[in-house]
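*Asks:* Sequence first, predicted model second:
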Amino acid sequence: MLKRLYQIMEVNGVKVYAHWSVLLIGCVVLMGAIFEPSTAIPGLLCYYCVILLHECGHMVAAQRKGYPVWSIELYPIWGIARFSEPYSHFDRCVIAWGGVLAQLLVAVPVIVVGELLGPTKYAPLNSIVAMFGFFSLFVAAFNRSLFPSSFEDIAIHEIGRNIECIRQICQRLFSGIGTDWPTIILAS
Ligand SMILES: [Zn+2]
């Protein structure tokens, strides 16, 4: 029977599903890749790995904040991490930034090493570096337009509230571990 979503793996106890169209695109590329297999296959795989990385960032942030994560779903041009509704705007912000942060943590070293070494003679390696480096950085920078999600719209693109979130994150980082740190619910 045809399903809408197919489980492809499990990360941190969270089931990862791919929409059927993602699998179809994979098959089409795989067939077309007979002539150019060295760049097409790693390119496509990396594309979905970048989306998965972003969603895993949300997952780790949500789990660290104590919110259960139900699933990660991969669609043709975006992904969704499903978790229980955050109690505060601050938690919502932390979880939203987790996606971008995960991409940056990988992209920055990849770009630095890639720029230092230059292009290698291995085409698949070059496309991996390109996808996890500048492509991922680009996606992270244009998060809202490329990954339409009202969740991130609310959490990331409100400058005033974000400054407050960043201030609270810094306060926590520099105030020492174990400090009882109240969650401030910001007025809407
Ligand atoms: Zn996201």
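*Replies:* Sure, I can see it.
*Asks:* what about Val5, how many neighbours?
*Replies:* To be clear, residue 5 is Leu; Val isn't right here. 17 (other CB atoms under 10 Å). For glycine as for every other residue, the C-beta is placed from the backbone atoms N, C-alpha and C.
*Asks:* Just grab the bridge partners of it for me.
*Replies:* His19 (DSSP bridges).
*Asks:* What are the contacting residues of stretch 70-83?
*Replies:* Stretch 70-83 has contacts (CB atoms under 8 Å, 6 or more residues apart in numbering) with 5, 8, 11, 14-19, 21-22, 25, 48, 51-52, 54-56, 58-59, 62, 67-69, 84, 95, 99, 146-149.
*Asks:* May I have the distance across that stretch, first residue to last?
*Replies:* Stretch 70-83 has an end-to-end distance of 5 Å (CA to CA, to the nearest Å).
*Asks:* Would you pull up how far it lies from the middle of the chain?
*Replies:* 10 Å (CA atoms, centre = their mean, to the nearest Å).
*Asks:* could you give me the average pLDDT of that stretch?
*Replies:* The average pLDDT within stretch 70-83 is 89.
*Asks:* What residues sit buried inside that stretch?
*Replies:* Across stretch 70-83, burial judged by 16 or more other CB atoms under 10 Å covers 71-75, 79-83.
*Asks:* Please identify the nearest residue in space to the residue positioned nearest the centre of the chain, excluding sequence neighbours.
*Replies:* The residue lying closest to the centre of the chain (CA atoms, centre = their mean) is His54, at 0.5 Å. Take His54 and drop its neighbours on the chain: the residue closest to it by CB to CB, 6 or more residues apart in numbering is Gly99, 4.3 Å away.
*Asks:* now do Asn12
*Replies:* Per CB to CB, 6+ apart, closest to Asn12 is Met59, 6.3 Å.
*Asks:* ok, the one you found - how many residues close by?
*Replies:* 27.
*Asks:* Over to the one 10 residues further on?
*Replies:* With neighbours defined by other CB under 10 Å, the count for Val69 comes to 23.
*Asks:* what's the nearest residue to it if we skip its chain neighbours?
*Replies:* Per CB to CB, 6+ apart, closest to Val69 is Phe83, 4.3 Å.
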